[in-house]
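Visitor: Let me see the structure of the following:
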Amino acid sequence: MLAHTAYEMARGSITRNDRPSARPSRLGRILDVFEAVITDGFDSSLASITSHTALPKSTTHRLLAVLSQHGYVVPLEHGHYAPGPQVFVIAGLASTFHDYARVARPILADLRCSTEETIHLALLVGNEAIYIEKLEGNRPYRMPSEVGKRLPLHSTAIGKAILASLLVRERDRVLAQLPLSRRTTRTITDRPSLVTEIAITRKRRYAIDDEEDEDGIRCVSAAFRGHQDTTLGAISVSAPAFNLSTVKAHALAPAVVTAADALSRALGAPISQRPA
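Guide: Purely as a prediction, here's the structure:
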């Protein structure tokens, strides 16, 4: 099913008649070759890929080897190629992101209505978070964030909320791998201070980004969980610091926690809260 979905998505967006051919950069040529394999589906010959990309056969063969090395293409018999496992990993992630955003949207909309500020939904992916949904607030200003943006865990409210919600063993593993780079003059860059901040966050069940990731931006966030009681990501309210004081951020926190709990329930998480 997933393979079929990925294939149909690719066929719907890439056709032989509307694709540019032989992009000038090396990355462009790799994408040409990759798209040719996806377009042909599960039985692309070297000859058809070469014809499709207008690249020399030797170049096409070399780029296919690069794609194969990274799991995006699988060599078959008789000089044929098929999409590799990494294609379906990415397709699965895209499908997952879409499903979570769809389930969360009414909850995020209610939170925006009650706060009038910009609402974000982010998922934990590896050792960072990624925005998968954004609802602009009902304000004359717009936040400079966008869906797909990657977020460091140590300097953002979303990241700190996620870290605080992780099980101890997982949290310690992630913390040991995090580069605590300075984002602003307020960023926490030493591990003991970050551990203390996470302990406070875990006890009160929400995190504050007090201009720690971007100057002039303040956020409050709470984590949500899935049906296996694993931490999946977090919801946040974000605004310019001139409109979201620390006092106001703490005042909005219960609404953010309520929204995160509602999303956890919608995703099948156990009703009982984890112990602090």
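
Visitor: what residues go with each domain of the protein?
Guide: For the chain, automatic domain parsing gives the domain ranges 2-83, 97-266.

Visitor: all helices of the protein, in order?
Guide: 2-13, 26-40, 46-53, 57-69, 85-115, 157-165, 168-177, 191-204, 246-266 (DSSP state H).

Visitor: among these, which is the most enclosed?
Guide: Ranked by mean neighbour count, the helices of the chain are led by helix 157-165 with a mean of 29 (mean count of other CB atoms under 10 Å). C-beta coordinates here come from the backbone N, C-alpha and C atoms, glycine included.

Visitor: residue nearest the centroid of this structure?
Guide: Centroid check for the chain by CA atoms, centre = their mean gives Ile130 as the closest residue, at 2.7 Å.

Visitor: Hmm, Arg150 and that one touching each other?
Guide: Yes: with contact defined as CB atoms under 8 Å, Ile130 counts as touching Arg150 (5.6 Å).

Visitor: Could you list the low-confidence segments of this protein?
Guide: Residues of the chain meeting the criterion pLDDT under 70: 1-24, 40-43, 88, 91-97, 272-276.

Visitor: Report the separation between the spatially most distant residue from the centre of it and Val87.
Guide: No residue in the chain sits farther from the centre than His78, which is 38.5 Å out by CA atoms, centre = their mean. According to CB to CB, to the nearest Å, His78 and Val87 sit 21 Å apart.

Visitor: go on, Pro75?
Guide: In this view, Pro75 and Val87 are 14 Å apart by CB to CB.

Visitor: what's the answer for Ala207, then?
Guide: 35 Å.

Visitor: got the contact list for Asp213?
Guide: Applying CB atoms under 8 Å, 6 or more residues apart in numbering to Asp213 gives the contacts 151-152, 155-156, 183-184, 187, 219.

Visitor: repeat that with 10 Å
Guide: 151-152, 154-159, 183-184, 186-187, 219, 238 (CB atoms under 10 Å, 6 or more residues apart in numbering).
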